[in-house]
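Visitor: The sequence and its predicted three-dimensional model are supplied below.
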Amino acid sequence: MAKRPSRSGLLSRIAAPLAKAARKVVRRNQDEWDENEVHELMEAALAEADKAPARMTDDNFRLFAEQLARQEDGAFQVKLHVVSLVEFHEAVGDKWPKLAEKVLMIAEGVINAHIGAGNIFCRQGADCFVLIFRTCDNSEGRRRALIIAQELGTRLVGDQFVGGDIPLALAAEVSLEDGLNPDGSFNLAAIDNAVGEMRSIIAAQVTGGQQPRAWMRPGANTADKGGVRRHLLPGEAPRRQAGSDAPPPIPITDEVAPKTAKDPEWKPLEVSRPETLKDPTWVILEGVADR
């Protein structure tokens, strides 16, 4: 006997507990129904349905997003919130393949803790998650996405994440209209652009309003991190004479020429001589000698 295909969709996970409770009620005689027992079964089924994880497969997420886009003004009411680990991915470099699975599991746990009931998310690519907040407005969804990114960064690298120059987990957003293709699939270019713009904004804030850094892979940065190059300093360098390989001597002006030190003038020190003690004068006391 062939097995039934597994249904792992969100609707199947919610409907399965309800169907189980209904089958228990139908098996009994209608005269033996107890309203309290039926109520308890339904509450247990709903509690089990609430435990269903918020993460959806790519197909279910695509169908859900496509349904939102078809609704009236749906493209303007809902945004795709992106939580990206691209900074952490680039920071660990070659160690990412060993850490990826554990890091993504930690990320899913943090997202489930803050996304809220009725909202869904999906993993996209190697280091990115896409979230849809349907039960709250965009400002609240943005706040939750930032909380997820901050807590995720703290979970990954510890307390040193707080106050760091560039966060290792960042949050971005893109409109539902721009983030989805006509067939309901993700517009990867729009999502990557949103993440790249957020990285540029954060880099500009860290560098004090200077020109944002370009988004490049690790090892592609060839900027000189040493001191200022000699040819960038102000002033003209002395020119060499034709046919001479040795550098010309540096002229010494009167202002910088060393001055010869004069001989010190020796003066005798006046030292007071000690006074010699005179011989004491002996006085014979009268009356003492007669004794």
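Guide: Cool, the structure landed.
Visitor: only C-alpha atoms for contact and neighbour calcs from this point on.
Guide: Will do.
Visitor: Worst mean pLDDT across the helices and strands of the protein, which element?
Guide: helix 74-77 (a mean of 48; mean pLDDT, DSSP states H and E).
Visitor: List the contacts of the next helix or strand after it.
Guide: Per DSSP states H and E, the first helix or strand lying C-terminal to helix 74-77 is strand 79-84. For strand 79-84, the external contacting residues (CA atoms under 8 Å, 6 or more residues apart in numbering) are 127-133, 138, 141-142, 145, 148-149, 169-176, 179, 191, 195.
Visitor: at 6 Å what do you get?
Guide: For strand 79-84, contacts defined as CA atoms under 6 Å, 6 or more residues apart in numbering pick out 128-132, 169-176.
Visitor: and those, which of them are in strands?
Guide: Members of the contacts of strand 79-84 lying in strands (criterion: DSSP state E): 128-132, 170-175.
Visitor: Those, buried ones only, as a ChimeraX selection?
Guide: Here is the ChimeraX command that selects the buried residues among the ones in strands among the contacts of strand 79-84 (16 or more other CA atoms under 10 Å):
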select :128,129,130,131,132,170,171,172,173,174,175
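Visitor: Tell me the one among the ones in strands among the contacts of strand 79-84 nearest to Asp183.
Guide: Within the ones in strands among the contacts of strand 79-84, distances to Asp183 taken as CA to CA reach their minimum at Ser175, with 16.0 Å.
Visitor: which residue sits closest to the closest one, ignoring its sequence neighbours?
Guide: Using CA to CA, 6 or more residues apart in numbering and skipping the chain neighbours, the partner closest in space to Ser175 is Lys79 (4.5 Å).
Visitor: Show me where the stretch 101-250 of the chain has its helices.
Guide: Counting by DSSP state H, counting those that start in this stretch, the stretch 101-250 of the chain has helices at residues 138-157, 176-179, 188-206.
Visitor: Reformat these as JSON lines; add mean pLDDT and distance to Gly93.
Guide: Output for the helices of the stretch 101-250 of the chain, formatted as JSON lines (pLDDT from 0 to 100; distance: least, CA to CA, whole Å):
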{"stretch": "helix 138-157", "mean pLDDT": "88", "distance to Gly93": "15"}
{"stretch": "helix 176-179", "mean pLDDT": "84", "distance to Gly93": "28"}
{"stretch": "helix 188-206", "mean pLDDT": "86", "distance to Gly93": "18"}
